[in-house]
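1. need a structure here:
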Amino acid sequence: MTDDAMTNNTVELATELTIAWLSNPNTRAASEDVPAFLQQMHQAVSNLTGTGTSESNEEPQAEYTPAVSVRKSLASKDHIISLIDGKPYKTLRRHLAGQGLTPDEYRQRYGLKSDYPMVAESYSEARRDMAKKIGLGRKAGAKKATEQAPDSDAPAPRRGRKPAASAEA
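-> Below you'll find the predicted structure:
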C-alpha cells in the first residue's frame with residue numbers, strides 16, 4: 001500500500017469515528033470542538049496503524065509554580081500550607097490524593113527535600129501523645145513490669161479462664 005493510500009485510509013477512519021461521535025445523541029459538542037476532535041482521532045488512528053508522524057505524543061513537563069514559598073508553607077506549627085492551592089491543612093495526604101499525587105510526586109514536582117513533612121507539627125504531637133496515652137508502641141510485657149513492684153514476692157495473677165468445676169453426679 002502506498003503512503004497516499006495509507007494517509008487517505010487514516011483520514012477516512014478518523015472522519016468516520018468523528019461522525020459516529022457526533023451522531024451519538026448523548027454527545028453535546030460545540031462546532032469549535034469538532035476540528036480538534038477530528039485531529040485527535042486522526043492522530044490516534046495514525047499511531048495505531050503505524051503511519052503517525054515522528055512527533056512525540058508526550059506532553060512536555062509542565063513547570064509548576066508554587067502558590068506560596070516553601071518557607072511560608074512551614075511557617076506555622078498548626079498547619080502546612082499546600083503549594084498547590086495555598087490553603088492550610090493539618091495533613092496533606094488526603095489533599096494530595098484528591099489531586100492525584102503521592103507525597104513523593106508532590107515533593108518532586110516542587111523540588112522539595114525528601115524530609116519535607118506531610119503532617120503539621122502540632123497535629124503530629126497530638127497524635128503521638130494520644131498513642132502514648134492509650135499504650136500503642138509498647139511491648140506486651142512492658143506495662144505489667146511497671147505495675148508490679150520489684151520487691152514483691154507474690155506471683156503474677158494468672159490470665160485466662162478459670163478452670164471449669166468438675167461435675168459430680
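
2. can you give me phi and psi for residue 78?
-> For residue 78, the backbone dihedrals (degrees, to the nearest 10) come out as phi -80, psi -20.

3. From residue 108, how far off is residue 91?
-> Taking C-beta to C-beta, to the nearest Å as the measure, residue 91 falls 19 Å from residue 108. Every residue, glycine included, has its C-beta placed from N, CA and C.

4. how about the residue nearest in space to the middle of the chain, secondary structure?
-> Per C-alpha atoms, centre = their mean, the C-alpha nearest to the average position across the chain is that of residue 97, at 3.4 Å. Three-state assignment for residue 97 (DSSP: H, G, I helix; E, B strand; the rest coil): helix.

5. Now do the same for it: its pLDDT.
-> With respect to pLDDT, residue 97 scores 94.

6. just residue 3 next, same as before
-> Listed pLDDT for residue 3 reads 59.

7. Ok, residue 145 next?
-> The per-residue confidence score, pLDDT, reads 52 for residue 145.

8. domain ranges for the chain?
-> Per the record's domain assignment (automatic domain parsing), the chain is made up of the domains 3-49, 70-121.

9. quick one, which of residue 91 and residue 108 is more surrounded?
-> Looking at residue 91 and residue 108 with other C-beta atoms under 10 Å, you find the greater number of neighbours at residue 91, namely 16 against 12.

10. For the closest residue to that one other than its chain neighbours, give me its contacts.
-> Using C-beta to C-beta, 6 or more residues apart in numbering and skipping the chain neighbours, the partner closest in space to residue 91 is residue 119 (4.8 Å). Under the criterion of C-beta atoms under 8 Å, 6 or more residues apart in numbering, the contact list for residue 119 reads 80, 90-93, 127.
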